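[1] return a 3D structure for these sequence lines:
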Amino acid sequence: ELSGNSYDDGDSGGSGSGSNKRQPPVDIKIIETCIPSSIENDNFQIPIKIFMPATTANTTHRAVVFFIHGGMFAFGDRNSHPTISHALCQLGLVVVTASFRNGEEAPHESNVTMRDLNDVVDHCVQTYTDLPFGLVGSSSGGFFAIHLTQTLDSTNKIAFCIPICPVADPFKRASYLRSSITGSAHSDGYTAVHTPEKSKYILEKQLSFWKSDESMLEARESTRSNTNNVPTLLIIGSADKNVPFDVTNEVQGWATRTVVIGGKGHELCDKIVEGGGYCCYLPDIERFLV
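    As a prediction, this is how the structure comes out:
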């Protein structure tokens, strides 16, 4: 049984579930606790947050998902992108988030990030034995979600994967950012482009985790095909300045379903945006889960 602080949250997120049968907003109970790292001689406790939608005599939890936050491979924690966590709860999902280590604190070569993520996956699967388990990831978290579906020892425990604007190919994203920094992005075929200053900042943070082009090239191999046949719903925006189309091209080729939200950018994986935001793809998630 989980220990930690629990409370009722008054803001239960958006109501765009796309289902007339469900009557959002549902009440959400939030539990904060920690789980131990499985790394030998590591005293780190991984902080996690559990968003638990209320059930009634006529409703049950549909599944449990580990929502892996984004943050340029360097930032973020269990409190990141709360509107997405709340929105997923409106669909009847138990949502788990985590403050895993990444960036300069835990670069790719240390394997600490993947160990932390695996520990959270194991916790979800072992705690919610009666529910299907899925992965949801935004931005850099989308890369980790896809990577986990293809590399976990027991991938049959993953019922589905939903990457939202994922940095599916870190090397291609770095190439785009470098093109933007030098001012050649438009001539290189990119349409929605960051300023050179913004691109330089994102690249610097991304490289605090990856360190080298070689590591990014090696890592992208895990996202090039769906070798474990995990049902995958890819959600991307047509005007994303953080993740251009070519960064997700190969995932688009093998994903079970790809949804492109016209005129939207990287805000899709972060927060509510007036006139759109995450609400615009909740019906797609609803249909995908049926």
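[2] hang on, residue 188 is in a helix, isn't it?
    No - Residue 188 sits outside any helix when classified using DSSP: H, G, I helix; E, B strand; the rest coil, being coil.
[3] for it, give its distance to residue 69.
    30 Å (CB to CB, to the nearest Å). C-betas here are computed from N, CA, C, even on glycine.
[4] who has more neighbours out of the two?
    residue 69 (26 against 14; other CB atoms under 10 Å).
[5] that one against residue 136, yeah?
    No - look at residue 69 against residue 136 with CB atoms under 8 Å: they stay out of range, at 10.0 Å.
[6] list the buried ones in stretch 134-153?
    Neighbour-count burial for stretch 134-153, counted by 16 or more other CB atoms under 10 Å, picks out 134-150, 152.
[7] again, but for stretch 231-248
    231-237, 240-248.
[8] quick check, nearest of those residues to residue 56?
    Nearest to residue 56 among the buried residues of stretch 231-248, counting by CB to CB, is residue 233 at 26.8 Å.
[9] you'd agree the closest one is in a helix?
    No - counting by three-state DSSP, residue 233 falls outside a helix, being strand.
[10] now it, which residues is it bridged with?
    On the basis of DSSP bridges, residue 233 is bridged to residue 257.
[11] distance of it relative to residue 71?
    Counting by CB to CB, the gap from residue 233 to residue 71 is 22 Å.
[12] equivalent analysis for residue 208, please.
    Relative to residue 71, and taking CB to CB, residue 208 is found at 11 Å.
[13] now swap in residue 157 and tell me
    26 Å.
[14] comparing those two, which residue is more hemmed in?
    Higher neighbour count among residue 157 and residue 71: residue 71, with 19 against 14, using other CB under 10 Å.
[15] gap between that one and residue 82?
    14 Å.
[16] where exactly do the strands run in the protein?
    Using DSSP state E, the strands of the chain run over residues 5-9, 28-36, 45-53, 63-68, 93-98, 133-138, 160-164, 233-237, 257-261.
[17] quick one: distance of the last one to the chain centre.
    Distance of strand 257-261 from the chain centroid (CA atoms, centre = their mean, to the nearest Å) equals 15 Å.
[18] what is that strand packed up against?
    strand 233-237, helix 282-289 (3 or more CB pairs under 8 Å, 6 or more residues apart in numbering; DSSP states H and E).
[19] pLDDT (mean, whole number) over it?
    The average pLDDT for strand 257-261 rounds to 95.
[20] which other residues reach that strand?
    By CB atoms under 8 Å, 6 or more residues apart in numbering, the surrounding residues in contact with strand 257-261 are 232-238, 251-252, 268, 276, 280-281, 284, 288.
[21] tell me the one of those nearest residue 130?
    residue 288 (21.1 Å).
[22] the helices in the protein, which residues?
    82-90, 112-127, 140-151, 170-182, 196-210, 213-219, 249-254, 282-289 (DSSP state H).
[23] out of the ones you listed, the one nearest residue 47 is which?
    The nearest among these, by CB to CB, is helix 112-127 at 10.3 Å.
[24] now do that closest one against helix 196-210, angle only.
    Per axes from the mean of the first three to the mean of the last three CA atoms, to 10 degrees, the angle that helix 112-127 makes with helix 196-210 is 70 degrees.
[25] please report the distance of residue 209 from residue 174.
    11 Å.
[26] please identify which of the two sits among more neighbours.
    Using other CB under 10 Å as the criterion, residue 209 and residue 174 rank with residue 209 on top: 24 against 21.
[27] list the contacts for the closest residue to that one other than its chain neighbours?
    Spatial nearest neighbour of residue 209, chain neighbours left out: residue 73 (3.8 Å); criterion: CB to CB, 6 or more residues apart in numbering. Going by CB under 8 Å, 6+ apart, residue 73 touches 102, 103, 140, 143, 167, 170, 205, 206, 208, 209, 210.
[28] for residue 64, same thing?
    93, 94, 95, 96, 124, 127, 128, 131, 132, 133, 134.
[29] over to residue 243?
    Contact analysis of residue 243 by CB under 8 Å, 6+ apart lists 139, 165, 166, 167, 168, 173, 236, 266.
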